[in-house]
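[1] fold the following and give me the result.
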Amino acid sequence: MDDVNIKLITQMQENADLSLLELSRRVGISKTACWNRLQKMEEQNVILGKKILFDRYSIGLPIVVFLSISVGRHTIDWVDEFSEVISKFPEIIEAHRLTGEGADYQLKIICPSMEAYDILQQQLIGEIDFTAMSTKISLKQIKNEYSLPLSHLEKLNKLD
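    So this is what the prediction gives:
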């Protein structure tokens, strides 16, 4: 990951709508070189896609819930089944396997209402083999950053 790619990623994280001409100008390379670098990063799965961000309140999704799940068995089959179940629910926008005390899995769920969350949770209870489940409701979002931190890449390039 060289300085030019870091600049490309930085610019695209700030505004993925930039034209190829504007992006190449901001980074200081030709349009062709810019396009080639973007294509290579897509092939290498550095760039996974481009999405438009929406304000969840404006589209009627004010409820954010963190659902912690503890399980009794930790087999590959269980994880595969769990992954299959949660993939059916578009409301589950993140899922993490955890280490340490407490839960084994953490789900981030966005819903239009508490009633909608209750329905979803009841469906999960019917489909997932678990030992404990705990719900935490977000009262206020303080930070929600979509851009990835890149300072570690810049430091590595300075060492080279």
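[2] can you pull the contacts of the most centrally placed residue in the chain?
    By C-alpha atoms, centre = their mean, the chain has its centre lying nearest to residue 94, at 6.3 Å. Applying C-beta atoms under 8 Å, 6 or more residues apart in numbering, we find residue 94 in contact with 106, 107, 108. Glycine gets a C-beta too; all of them are placed from N, C-alpha and C.
[3] helix, strand or coil for the first one?
    Each residue gets one of three states, and residue 106 gets strand by DSSP: H, G, I helix; E, B strand; the rest coil.
[4] that one: what's it in contact with?
    Residues near residue 106 by C-beta under 8 Å, 6+ apart: 66, 67, 68, 69, 94, 95, 96, 98.
[5] residue 127 versus the nearest residue to it once chain neighbours are set aside, what's the distance?
    The spatially closest residue to residue 106, leaving aside those adjacent along the chain, is residue 96, at 4.7 Å (C-beta to C-beta, 6 or more residues apart in numbering). To residue 127, residue 96 is 19 Å away according to C-beta to C-beta, to the nearest Å.
[6] which one of the two has more residues nearby?
    Shown here are residue 96 and residue 127; by other C-beta atoms under 10 Å, residue 127 has more neighbours (15 against 10).
[7] number of nearby residues for the residue nearest to residue 74 when sequence neighbours are not counted?
    Nearest residue to residue 74, sequence neighbours excluded (C-beta to C-beta, 6+ apart): residue 104, at 7.2 Å. For residue 104, the tally of surrounding residues (other C-beta under 10 Å) stands at 21.
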